[in-house]
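Colleague: Prediction below, plus the sequence it came from.
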Amino acid sequence: MAEVSELPVAEIRASDDERPELRAVQDLVVSAGSPVLIRVGDTEVVVPSSLVKGLLAVAGQLEEGDTVAIVPEETELSPSQAARLLGVSRQYVDRLIAEGVLSSRRLPRSSYRKVLAREVLAHRSRRESTRAGIRRVVEEADAAGLQY
């Protein structure tokens, strides 16, 4: 298995001239939900809307300066790799494993553990959802003038 940090990363940037075209494609995909025809020279490719949405999301992350890695959900990660993906320490991932928040498997005749990328991403999604909910509650409390 390749290390997460060793995976190829493609950077997509758009010039100011290209941004209106990117926005038009994004609007088309979001509103119509239909495939998009891409023509380069004599070659035409029909790209499913789900793939275009994914590419636009990746491009947005890259434009914000984030690194994007595309890994199959079944990829096994070391606790250190999982920590980098979550933006936390390896020790914190060890605690998540010990508490049963993340399941892992031990490598045969070893103390090394592996965690499925799918579980790490699901945990990150739950954590982000919880944080967004807390932010909403705090914002609504502030707007209502409540002390907390």
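Modeller: Nice, thanks for sending it over. All figures in this text were calculated on a predicted structure; none of them were measured in a lab.
Colleague: Only C-alpha atoms from now on, for both contacts and neighbour counts.
Modeller: Fine.
Colleague: what comes up buried for the biggest helix by length in the chain?
Modeller: Taking DSSP state H as the criterion, the chain has its longest helix at helix 117-143. Neighbour-count burial for helix 117-143 flags 117-120, 123 (criterion: 16 or more other Cα atoms under 10 Å).
Colleague: Make JSON lines from these and add pLDDT to it.
Modeller: Shown next, in JSON lines, are these (pLDDT from 0 to 100):
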{"residue": "Ala117", "pLDDT": "93"}
{"residue": "Arg118", "pLDDT": "94"}
{"residue": "Glu119", "pLDDT": "95"}
{"residue": "Val120", "pLDDT": "95"}
{"residue": "His123", "pLDDT": "95"}
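Colleague: Which of these lies at the shortest distance from Ser103?
Modeller: Glu119 (7.7 Å; Cα to Cα).
Colleague: from the chain's centre, how far out does the longest helix of the chain sit?
Modeller: Remark: helix 117-143 is offset 15 Å from the chain centroid, using Cα atoms, centre = their mean, to the nearest Å.
Colleague: Summarise which helices and strands it is packed against.
Modeller: helix 79-86 (3 or more Cα pairs under 8 Å, 6 or more residues apart in numbering; DSSP states H and E).
Colleague: Report the mean confidence score over the next helix or strand after the helix it packs on.
Modeller: With elements assigned by DSSP states H and E, the helix or strand that comes after helix 79-86 is helix 90-98. Summarised as a single mean, pLDDT over helix 90-98 is 96.
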